[in-house]
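Engineer: Quick one: sequence and predicted model below, then my questions.
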Amino acid sequence: MLRRENVSACALEVDDDNKPAIALYEKAGFKKVRILPHYYGQSRHGWKMKMNLAAVAATAVCVTADAPAETPAETAGRMDMVEAARHA
């Protein structure tokens, strides 16, 4: 879906203390791009993470704890919808 719309990347924010989520996102192809000081409150920092969809292999698979296996593009689509909803 995102490729059809010519979306080349997607981004998310994650709490620096949420190491399991960071590891999951990195496994899915996201990279840390910048620290977000106090994003989650006083002394609770976050990370802006980004996935370059052009660099993601179409055959790779992402697995989350509460969802069936999905491709990185499907994960990115889900994250993109969450990001869009947050800014609506």
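Structural biologist: Yes, it's here.

Engineer: does D16 really touch H45, like I thought?
Structural biologist: Yes - with contact defined as C-beta atoms under 8 Å, D16 counts as touching H45 (4.5 Å). Where you see a C-beta, it was placed from the backbone N, CA and C, and this is true even at glycine.

Engineer: what's the overlap in contacts for those two?
Structural biologist: Common contacts of D16 and H45 (C-beta atoms under 8 Å, 6 or more residues apart in numbering): I35.

Engineer: mean confidence score for stretch 9-26?
Structural biologist: The average pLDDT within stretch 9-26 is 95.

Engineer: Can you give me the end-to-end span of that stretch?
Structural biologist: End-to-end distance of stretch 9-26 (C-alpha to C-alpha, to the nearest Å): 14 Å.

Engineer: Would you mark the buried spots in that stretch?
Structural biologist: Buried positions in stretch 9-26, judged by neighbour count with 16 or more other C-beta atoms under 10 Å: A9, C10, L12, V14, D15, D16, A21, I22, L24, Y25.

Engineer: who's in contact with A54?
Structural biologist: Going by C-beta under 8 Å, 6+ apart, A54 touches S8, A9.

Engineer: wait, I meant P37
Structural biologist: Going by C-beta under 8 Å, 6+ apart, P37 touches H45.

Engineer: by contact count, what packs against the one helix or strand M51 maps to?
Structural biologist: Assigned by DSSP states H and E, M51 belongs to strand 46-52. Applying 3 or more C-beta pairs under 8 Å, 6 or more residues apart in numbering; DSSP states H and E, one finds that strand 46-52 makes contact with strand 9-15, helix 19-28, strand 31-36, helix 72-86.

Engineer: just to revisit the earlier point, which of the buried residues of stretch 9-26 sits closest to I35?
Structural biologist: Compare each of the buried residues of stretch 9-26 with I35 using C-beta to C-beta and the shortest gap goes to D16, at 7.5 Å.
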